[in-house]
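*Asks:* coordinates only, no sequence provided:
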């Protein structure tokens with residue numbers, strides 16, 4: 001929970017490096033108000049996944065859109081990874 005008592009999907013993790021690692025996991029909760037842009041990024045990625053879904057395309061590769069995005073360096077956790085971390 002964040003200081004306001006709301007569930008947040010933002011995880012801040014310490015490690016052996018000098019910087020704190022941050023991860024956003026929308027399945028755990030919404031992004032805090034001060035970084036609400038993460039919700040917008042998540043929505044855009046979900047829309048992109050829908051465009052790249054071969055089951056929605058007419059042919060084998062017809063309708064697939066493949067573009068590079070600025071989100072390639074983001075790490076999104078799967079439910080299995082969350083369970084493995086014990087969160």
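*Replies:* Cool, got the structure. These numbers come from a predicted model, not from an experiment. Numbers count the residues shown, from 1 in each chain.
*Asks:* could I get the average pLDDT for whichever helix or strand residue 48 is part of?
*Replies:* Assigned by DSSP states H and E, residue 48 belongs to helix 37-52. Per-region confidence: helix 37-52 scores 77 on mean pLDDT.
*Asks:* list the buried ones in stretch 32-47?
*Replies:* In terms of neighbour count (16 or more other Cβ atoms under 10 Å), stretch 32-47 has its buried residues at 32, 38, 41-42. Bear in mind the C-beta positions are built from the backbone N, C-alpha and C, glycine included.
*Asks:* next: stretch 15-30.
*Replies:* Applying 16+ other Cβ under 10 Å to stretch 15-30 flags 23-26, 28, 30 as buried.
*Asks:* between those, which is nearest residue 78?
*Replies:* The shortest gap between residue 78 and any of these belongs to residue 25, at 9.2 Å (Cβ to Cβ).
*Asks:* for the chain, what spans make up the helices?
*Replies:* Secondary structure of the chain (DSSP state H): helices at 37-52, 79-85.
*Asks:* out of the ones you listed, which is closest to residue 72?
*Replies:* Among the helices of the chain, the nearest to residue 72 by Cβ to Cβ is helix 37-52 (10.9 Å).
*Asks:* quick one: which of the buried residues of stretch 15-30 is nearest to residue 10?
*Replies:* Nearest to residue 10 among those, counting by Cβ to Cβ, is residue 24 at 5.5 Å.
*Asks:* go ahead and confirm that closest one touches residue 12.
*Replies:* No. The pair residue 24 / residue 12 is not scored as a contact, 10.4 Å apart, by Cβ atoms under 8 Å.
*Asks:* circling back: okay, the buried residues of stretch 15-30 in CSV with pLDDT and distance to residue 16 next?
*Replies:* Listed next are the buried residues of stretch 15-30 as CSV, based on pLDDT from 0 to 100; distance: Cβ to Cβ, whole Å:
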residue, pLDDT, distance to residue 16
23, 86, 16
24, 83, 22
25, 83, 22
26, 81, 27
28, 83, 24
30, 82, 30
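*Asks:* now for those, which pair is the farthest apart?
*Replies:* Longest span within the buried residues of stretch 15-30, Cβ to Cβ: 23 and 30, 14.6 Å.
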